[in-house]
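Trainee: coords please:
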Amino acid sequence: MRITSTALAAFLVVAAAASMPATAATALFATEAAATQACAADEVVWVDLDHGRFYHKASASYAKGNNGGYACLKGAHAQYREAHE
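Mentor: Have a look, this model is predicted:
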């Protein structure tokens, strides 16, 4: 049986989500537009999962990296550290 990279990525997302308590998981979005729609008046930030930090839009590291996503500020602040550049 051959496993595709998409199937592997989906499995890893599900496995990571299952290992965290439901109340601690911050919703991550693949696109800034999706996050903007979901966050309403809350600020959209970039979460870098490799470093456990989030970045504001004005930051040079916003939307950089391969392992991250967009999130609402309130949720990101509860689970990740704010990056200071």
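Trainee: Show residues contacting stretch 68-80.
Mentor: By Cβ atoms under 8 Å, 6 or more residues apart in numbering, the residues outside stretch 68-80 that reach it are 24-32, 34-35, 38-39, 42-50, 52-54, 63. Just so you know, the C-beta spots here come from the backbone N, C-alpha and C atoms, and that holds for glycine as well.
Trainee: Please pick the buried ones from those.
Mentor: T26, L28, F29, A35, C39, V44, V45, W46, V47, D48, R53, F54 (16 or more other Cβ atoms under 10 Å).
Trainee: could you redo the residues you listed as a markdown table and give each row pLDDT, secondary structure and distance to A83?
Mentor: Putting the buried ones among the contacts of stretch 68-80 into a markdown table (pLDDT from 0 to 100; DSSP: H, G, I helix; E, B strand; the rest coil; distance: Cβ to Cβ, whole Å) gives the following:
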| residue | pLDDT | secondary structure | distance to A83 |
| --- | --- | --- | --- |
| T26 | 86 | coil | 15 |
| L28 | 95 | coil | 16 |
| F29 | 96 | strand | 18 |
| A35 | 96 | helix | 17 |
| C39 | 95 | helix | 18 |
| V44 | 97 | strand | 15 |
| V45 | 97 | strand | 9 |
| W46 | 97 | strand | 9 |
| V47 | 97 | strand | 10 |
| D48 | 96 | strand | 7 |
| R53 | 96 | strand | 4 |
| F54 | 97 | strand | 7 |
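Trainee: Around the residue nearest to T31 when sequence neighbours are not counted, how many other residues sit close by?
Mentor: Using Cβ to Cβ, 6 or more residues apart in numbering and skipping residues adjacent in sequence, the residue nearest T31 is Y70, 6.9 Å away. Residues near Y70, counting by other Cβ atoms under 10 Å, number 25.
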